[in-house]
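Asker: fold the following, please.
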Amino acid sequence: AYLQRATMAEVVCAEFDLPLPTRRVPIYCQSGDAREVNVDKMILKAVDVLPHGLINSRQKFGQGGQTFLDFVKWVAMRTRQLGRPGYHPVLHFDVYGWIGQEIGLEPQNIADFICKVADTVPDFLLNIESPADFGSTQAQIENYAKIVSILDNRGSSARIVVDERCNTLEDVRLFAEAKATHLVQIKTPDVGSIADTARAVLICKENGVGAYVGGSCTETDLSAQASVHVSVATQADMMLAKPGMGVDEAYSIVGNEQNRLLAMLNRRRVRAKNVG
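Answerer: The predicted structure follows:
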């Protein structure tokens, strides 16, 4: 990109024969353990997808999932209280396998619980990341496919997101082709390269599965900016605000990079039109 005096997104588009993007990619923020204050920050900043929640212990999930259910309802209530008119984010919660750990690994029961959560916030689109861990990639694919099928047949607004057991480009392909998830978290450090991150998004699109360009909260500002260019170039369904879990810094880095990129692409489009 530096040598060509172009943006990284333009290089990705040229490499994969993609049209230059015009649409912004929704940004997803994660709260860390400072849930309440960070949820409020996200709502006031009108973040597209929120709040992650870091539901990674029995204490946070609660007996029968009650603590989690209460948190979901609170996030929805807070969104209505603080959000500007017309603000309608996607609610995305990472439960780190706790649905399976708390209520068992029967796909039907897991789907029932997810529908119960969705029913508590009927006005919102709901993403549930890592509902259960079935012990291996193959078992994860088989059982997630069952959960997806049950949710789809019920016409539920809830979507499941795969994270654990889906690490490499080949894993992404297997889950997407098996329709074993509604949305894949493409973990940029695990996938291993910028090119493979782009390929992973395109594989998801080819198979009608959502692509979420994620990664780690311990990345750098530079890797976050590179992820933005790949996400926008391939038109992923959403991308993670990173690094960190403090909301402000991550949202600024990713949001500013996306705004800058789209402004530059738009300016070049206008110039080309005028020259033409």
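
Asker: all strands of the stretch 101-250 of the chain, in order?
Answerer: For the stretch 101-250 of the chain, applying DSSP state E, counting those that start in this stretch gives strands covering 126-129, 158-162, 183-186, 210-213, 238-240.

Asker: show me this protein divided up by domain.
Answerer: As given by automatic domain parsing, the domain ranges for the chain are 1-30+170-276, 31-165.

Asker: how about the ones you listed in CSV, adding mean pLDDT and mean neighbour count?
Answerer: The way it works is simple: take the backbone N, C-alpha and C, and place the C-beta from them, glycine included. Listed next are the domains of the chain as CSV, based on pLDDT from 0 to 100; neighbours: other CB atoms under 10 Å:
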stretch, mean pLDDT, mean neighbour count
domain 1-30+170-276, 95, 19
domain 31-165, 97, 18
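
Asker: of the strands of the stretch 101-250 of the chain, which is nearest residue 169?
Answerer: Closest approach to residue 169 among the strands of the stretch 101-250 of the chain (CB to CB): strand 183-186, 8.9 Å.

Asker: pull the CA atoms of the closest one into PDB?
Answerer: The C-alpha coordinates for strand 183-186 follow below in PDB (Å, rounded to 0.1, in the frame of the first residue of the first chain):
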ATOM      1  CA  LEU A 183     -21.800 -15.900  12.300                       C
ATOM      2  CA  VAL A 184     -18.100 -16.800  12.500                       C
ATOM      3  CA  GLN A 185     -15.700 -14.900  14.600                       C
ATOM      4  CA  ILE A 186     -12.600 -14.700  12.400                       C
END
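
Asker: that strand: partners in the sheet, and parallel or antiparallel?
Answerer: strand 158-162 (parallel), strand 210-213 (parallel) (DSSP bridges).

Asker: isn't residue 145 up against residue 180?
Answerer: Yes - between residue 145 and residue 180 there is a contact under CB atoms under 8 Å: 4.2 Å.

Asker: quote the end-to-end distance of stretch 91-101.
Answerer: Taking CA to CA, to the nearest Å, stretch 91-101 runs 22 Å from one end to the other.

Asker: so what's the gap between that stretch and the chain middle?
Answerer: 14 Å (CA atoms, centre = their mean, to the nearest Å).

Asker: contacts for it?
Answerer: Residues from elsewhere that reach stretch 91-101 (CB atoms under 8 Å, 6 or more residues apart in numbering): 28, 30, 49-58, 60-61, 65, 68, 71-72, 75-76, 110, 113-114, 121, 124-134, 161, 163-164.

Asker: who touches residue 78 in this structure?
Answerer: Residues in contact with residue 78 (CB under 8 Å, 6+ apart) are 39-40, 43.
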